[in-house]
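[1] Need a 3D model of the sequence below.
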Amino acid sequence: WRLINVVNTTSPWRVQEIEFYRQSSCQGRARGIPIASSEAPTNPASLAFDDNQRYVSAWMAGCSEEGCDTEAEWIGNLFTESESVLCIRLYQSSLTLSGDPASKA
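    Here you go, the predicted structure:
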């Protein structure tokens, strides 16, 4: 499972926290191995899955300071077994902090 930026951003895409759940009521957390298309040296994908929603604990895409190209960056979990994810919670920066944060599952 992964989330992809569907539009250009005006700065590197930054995500504080992602939570995948097995139930549509957001119960039964599904945990996997954090993966990403790229990452800034001090902001690895694992920070988006550490149960910490603070701004300093976030994954940041490794694209340029000018932003990320459309559908160039993604972040998600690699599961060791097949998972049905029915709910996703995404915590990310506001427009002023991360450009246009539009994404899709």
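[2] In terms of secondary structure, what does the longest strand along the chain contact?
    Counting by DSSP state E, the longest strand found in the chain is strand 14-21. Packed against strand 14-21 by the contact rule (3 or more Cβ pairs under 8 Å, 6 or more residues apart in numbering; DSSP states H and E) you find strand 29-30, strand 59-60, strand 74-78, strand 87-92. For glycine as for every other residue, the C-beta is placed from the backbone atoms N, C-alpha and C.
[3] other SSEs contacting the first one?
    This means strand 29-30. Using 3+ Cβ pairs under 8 Å, 6+ apart, strand 29-30 sits against strand 14-21.
[4] Return the list of strands paired to the strand it packs on, each annotated with direction.
    Strand pairing for strand 14-21, determined by DSSP bridges: strand 29-30 (antiparallel), strand 59-60 (antiparallel), strand 87-92 (antiparallel).
[5] can these go into CSV with extra columns for mean neighbour count, distance to Pro12 and mean pLDDT?
    Shown next, in CSV, are the strands paired with strand 14-21 (neighbours: other Cβ atoms under 10 Å; distance: least, Cβ to Cβ, whole Å; pLDDT from 0 to 100):
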stretch, mean neighbour count, distance to Pro12, mean pLDDT
strand 29-30, 16, 26, 95
strand 59-60, 26, 5, 94
strand 87-92, 15, 12, 92
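[6] And these: which comes nearest Asp69?
    Closest to Asp69 of these is strand 59-60 (Cβ to Cβ; 15.5 Å).
[7] who touches that closest one?
    Outside strand 59-60, the residues that touch it by Cβ atoms under 8 Å, 6 or more residues apart in numbering are 12-15, 34, 36, 39-40, 43-48, 75.
[8] Which of those ranks first by neighbour count?
    In terms of neighbours by other Cβ atoms under 10 Å, the contacts of strand 59-60 top out with Trp13 at 31 neighbours.
[9] Distance check, the nearest residue to that residue once chain neighbours are set aside against Asn5.
    Excluding its sequence neighbours, the residue lying closest to Trp13 (Cβ to Cβ, 6 or more residues apart in numbering) is Ala61, at 4.3 Å. Counting by Cβ to Cβ, to the nearest Å, the gap from Ala61 to Asn5 is 8 Å.
[10] Good, wrapping up.
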